[in-house]
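Engineer: Let me see the structure of the following:
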Amino acid sequence: MTSIYQKRLQRLCHILKEQHLESLLVAKPENVLYISGFSGGEGVLLITQQEAYLFSDSRYIEQARQEAPFCEFVLVKKYFTEALGKVAEEKGLQLMAFEKDHLTYQQWEQLRNSFSGKLQPVSGLIEKLRLIKDESEIALLKEAGAITASAFRYILGELHPGQTEVEIAGMLEFFMRRQGSGPPAFETIVASGKRGALPHGTASAKKVGRGELITMDLGATYQGYAGDLTRTICLGTVSDRQQEIYELVKEAQERGIKAVRAGVRAEEVDAVVRGFFEQHGYAEYFMHSLGHGVGLAVHEEPRLAPGQDTILQPGMVVTIEPGLYLPDWGGVRIEDTVLVKEDGCEILTPVTKNLIVL
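Structural biologist: The predicted model follows:
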């Protein structure tokens, strides 16, 4: 029986033939995993139009045999570029494409010294395959989203004034691990009070206090696939201003989710939310794109942003995450990961959007 990874490899080989690429060096870890199933991290692939070679060191021989049995394993003793050059010479390869957004300059120099043929930079070959998730990927993304959502629900019963943001982030990450998560999809964000004005305010030693908004952006991983969820809550009595800003962001997020469906351009979804904030005089405080793709990487294509003309298709998974960030005051962000469908979308991070006051 042909595995899902062999099917992906066949699709990639077909692309290489269509684009007249004799071979492709795959070094980005998530692309290696997507094509081969190898999760060791320390490995690269050489894909020709008929064959696949997995290069790694002796620590991963057994893992490669188990996870990527259809790839010929090549032992790396020092530099993968040396082993790669030998295989390329044996196969008589004259052209090798490589991922220009991942290979370092030092690796390129080493590769140039070990391979006498032409090196051709390319981008997006595998990323385009990853745009639309198959059923197995969707199942893993749903599990990652469920673990992430459960961690948010858990932390609501643990928060109290005097805890540091770092402490809260640690509790979130530990809980996700206990629920079956791999490493966090990204550095957990906990930003309270005025620090909420920092869109990527990673957890600090600041202690949370009563009457403060706390923004938490967290993501589990499950078998390599990421979850991504943000909620802002209030610790203690909420002020009228806090409620006002929260309700604006909440409505913006709901409008964004309603705009997601197959056939819509990515920029159109962003424009719905950006236009809403502009109508209410808050456009300058929404300073990032509306969302991004989620999969083996927590930030991948497509991007929901101005100028992005990608047409959303069923099976794409994106975030909808509007936020308002007011200097010297704080901020609010509400984010969900959603699965694009023909007539709308399905939320993969199901927790309430109502302002929670603890």
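
Engineer: what about stretch 321-329, how long is it end to end?
Structural biologist: Length of stretch 321-329, first residue to last, CA to CA, to the nearest Å: 20 Å.

Engineer: Please enumerate residues in contact with it?
Structural biologist: Outside stretch 321-329, the residues within contact range by CB atoms under 8 Å, 6 or more residues apart in numbering are 194, 196-199, 215, 228, 230, 241, 245, 248-249, 252-253, 256, 273, 277, 282, 285-288, 290-291, 331-336. Where C-beta positions appear, they are placed from N, C-alpha and C, glycine not excepted.

Engineer: For stretch 17-36, C-alpha coordinates in CSV please.
Structural biologist: Provided in CSV are the C-alpha atoms of stretch 17-36 (Å, rounded to 0.1, in the frame of the first residue of the first chain):
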residue,chain,number,x,y,z
LYS,A,17,9.6,16.9,-14.4
GLU,A,18,7.2,19.7,-15.4
GLN,A,19,9.8,22.4,-14.4
HIS,A,20,12.7,20.5,-16.0
LEU,A,21,14.5,20.2,-12.7
GLU,A,22,16.8,17.2,-12.6
SER,A,23,17.0,17.1,-8.8
LEU,A,24,16.0,19.1,-5.7
LEU,A,25,17.8,19.5,-2.3
VAL,A,26,15.3,19.7,0.5
ALA,A,27,16.8,21.0,3.7
LYS,A,28,13.9,22.8,5.5
PRO,A,29,12.9,20.5,8.3
GLU,A,30,9.1,20.8,7.9
ASN,A,31,9.5,20.1,4.1
VAL,A,32,11.7,17.1,4.9
LEU,A,33,9.0,15.8,7.2
TYR,A,34,6.2,16.6,4.8
ILE,A,35,7.8,14.6,1.9
SER,A,36,9.5,11.8,3.7
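
Engineer: buried set for that stretch?
Structural biologist: 21-36 (16 or more other CB atoms under 10 Å).

Engineer: Nearest the middle, which residue of this structure would you pick?
Structural biologist: Nearest to the mean C-alpha position of the chain, counting by CA atoms, centre = their mean, stands residue 298 at 1.2 Å.

Engineer: hang on, isn't residue 59 packed against residue 42?
Structural biologist: Yes - between residue 59 and residue 42 a contact is recorded at 7.3 Å, counting by CB atoms under 8 Å.

Engineer: Do me a favour and get the backbone dihedrals for residue 44.
Structural biologist: Dihedral pair for residue 44: phi -130, psi 160, per degrees, to the nearest 10.

Engineer: Okay, and the beta partners of it?
Structural biologist: Residue 44 has the following beta-bridge partners by DSSP bridges: residue 55.

Engineer: Report the contact partners of it.
Structural biologist: 25, 26, 27, 32, 54, 55, 56, 80, 84.

Engineer: Repeat that for residue 43.
Structural biologist: Residues touching residue 43, when contacts are defined by CB under 8 Å, 6+ apart, comprise 32, 54, 55, 56, 60, 64.

Engineer: again, only this time at 7 Å
Structural biologist: The neighbours of residue 43, taking CB atoms under 7 Å, 6 or more residues apart in numbering as the test, are 32, 54, 55, 56, 60.

Engineer: give me the number of residues near the closest residue in space to the last one that isn't next to it in sequence?
Structural biologist: Nearest-residue entry for residue 60: residue 40, 4.4 Å, with adjacent residues in sequence omitted and distances by CB to CB, 6 or more residues apart in numbering. The local packing of residue 40 (other CB atoms under 10 Å) involves 18 other residues.

Engineer: Kindly report the same for residue 287.
Structural biologist: Under the criterion other CB under 10 Å, the count of neighbours that residue 287 has is 11.

Engineer: Pull up the gap between it and residue 16, please.
Structural biologist: Counting by CB to CB, to the nearest Å, the separation of residue 287 from residue 16 is 40 Å.

Engineer: Helix, strand, or coil at residue 149?
Structural biologist: State at residue 149, reduced to three classes by DSSP: H, G, I helix; E, B strand; the rest coil: helix.
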